[in-house]
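Trainee: Could you look at this predicted model? Sequence included:
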Amino acid sequence: MRRKNTESIGEVLKQYFEENLFLKRKIAESRIINGWEAILGKTIASYTSHLYIRDGILHVSLRSSVLRSELSMAKDNLIEKLNNYAGLVVVKDIILK
């Protein structure tokens, strides 16, 4: 016998993530970190040694000073691209080390 107010697992999970903003933000942050190579390409990802997000600031450690300089000039465009990829405004600033 089927109950009247049943919902699919997908609908329940979607509703849970919409209500839990902290978890939604953490998933978006993880998506940016894991998608770094897909967003910027394999070459740039190969020069990246450490990547993490804390308090809306993306910290990126690079092994190339030339690449660090190029990315710092395109910082605003990069922030927009990362947030579009995540589907949520997660990155407010980038610190290139």
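Mentor: Received it, and whenever you're ready, just let me know what you need.

Trainee: Name the residues of stretch 82-97 that come out as buried.
Mentor: 82-83, 85-86, 88, 90-91, 94, 96 (16 or more other CB atoms under 10 Å). The C-beta positions use only the backbone N, C-alpha and C, and glycine is treated the same way.

Trainee: Just name the closest of those residues to residue 13, please.
Mentor: Set against residue 13, the nearest of the buried residues of stretch 82-97 by CB to CB is residue 88 (16.8 Å).

Trainee: who's in contact with the closest one?
Mentor: The neighbourhood of residue 88, defined by CB atoms under 8 Å, 6 or more residues apart in numbering, consists of 24-25, 28.

Trainee: would you turn those into TSV with secondary structure, neighbour count and distance to residue 44?
Mentor: Putting the contacts of residue 88 into TSV (DSSP: H, G, I helix; E, B strand; the rest coil; neighbours: other CB atoms under 10 Å; distance: CB to CB, whole Å) gives the following:
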residue	secondary structure	neighbour count	distance to residue 44
24	helix	16	27
25	helix	16	25
28	helix	19	21
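
Trainee: coming back round to it: farthest-separated two in the buried residues of stretch 82-97?
Mentor: 88 and 96, at 22.2 Å, using CB to CB across the buried residues of stretch 82-97.

Trainee: Return the member of the contacts of residue 88 nearest to residue 12.
Mentor: residue 24 (15.1 Å).
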